[in-house]
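S.K.: generate coordinates for the sequence data below:
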Amino acid sequence: MATTLHSRPFIHVERSLPQKICMTMGWALVILGVLGFMAPGFLGMHLSVAHSTLQLFFGVLSLIFGLSEKSGPAYTFSWIFGAFYVLLGIAGFFFGTTGFPTVGNLLHEERFLWSIAPNVLEFAANDHIIHILIGAIFWLPALWWRAQQIPKQPG
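M.R.: The predicted model follows:
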């Protein structure tokens, strides 16, 4: 049985801004997740096994949405995930207290320590700031892209 090779080796696909954000941030989250296993105190964060696993999971999920054929799924993911991460970061500053973390190999007292699951998943100020930044990088370009898709009314 003979097989044929495709004559078109690579087809360039133009991606929308939400797809590009999902791809870029997906890789960044995967890298951050891997770094968390090797350096739990990276950037002063509390990267426990659970936190690093979540970063890997959301990174892969983001990559999947970035590879979607249409922009809509990437936009929806960026909007929901970005809003969630911004709110997660802000909530950390409201619900966090001063204390000593049990994860992340950081041994000093932390302000705004939020123990979602003590000894498993804890966030402090650096985590909250990074969560807000990650959320904003997903959310704001998605909102801007959506605004560009709405037809202008003549007038």
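S.K.: in the protein, which strand is the longest?
M.R.: Ranked by residue count, the top strand of the chain under DSSP state E comes out as strand 110-117.
S.K.: buried residues in it?
M.R.: By neighbour count with 16 or more other C-beta atoms under 10 Å, strand 110-117 contains the buried residues 110, 112-115. Glycine gets a C-beta too; all of them are placed from N, C-alpha and C.
S.K.: again with stretch 61-78
M.R.: Here stretch 61-78 shows 62-63, 65-66, 68, 71, 73-75, 77-78 as buried, counting by 16+ other C-beta under 10 Å.
S.K.: could you tell me the end-to-end distance of it?
M.R.: Here the two ends of stretch 61-78 are set 11 Å apart, with distance taken as C-alpha to C-alpha, to the nearest Å.
S.K.: and residue 81, what pLDDT?
M.R.: You'll see residue 81 listed with a pLDDT of 95.
S.K.: so it touches residue 58, yeah?
M.R.: Yes. Using C-beta atoms under 8 Å, residue 81 makes contact with residue 58 at a distance of 7.0 Å.
S.K.: for residue 23, which residues are in contact?
M.R.: 15, 62-63, 66-67 (C-beta atoms under 8 Å, 6 or more residues apart in numbering).
S.K.: want to throw the residues you listed into CSV with pLDDT and distance to residue 39?
M.R.: Listed next are the contacts of residue 23 as CSV, based on pLDDT from 0 to 100; distance: C-beta to C-beta, whole Å:
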residue, pLDDT, distance to residue 39
15, 88, 31
62, 97, 22
63, 96, 22
66, 94, 26
67, 93, 29
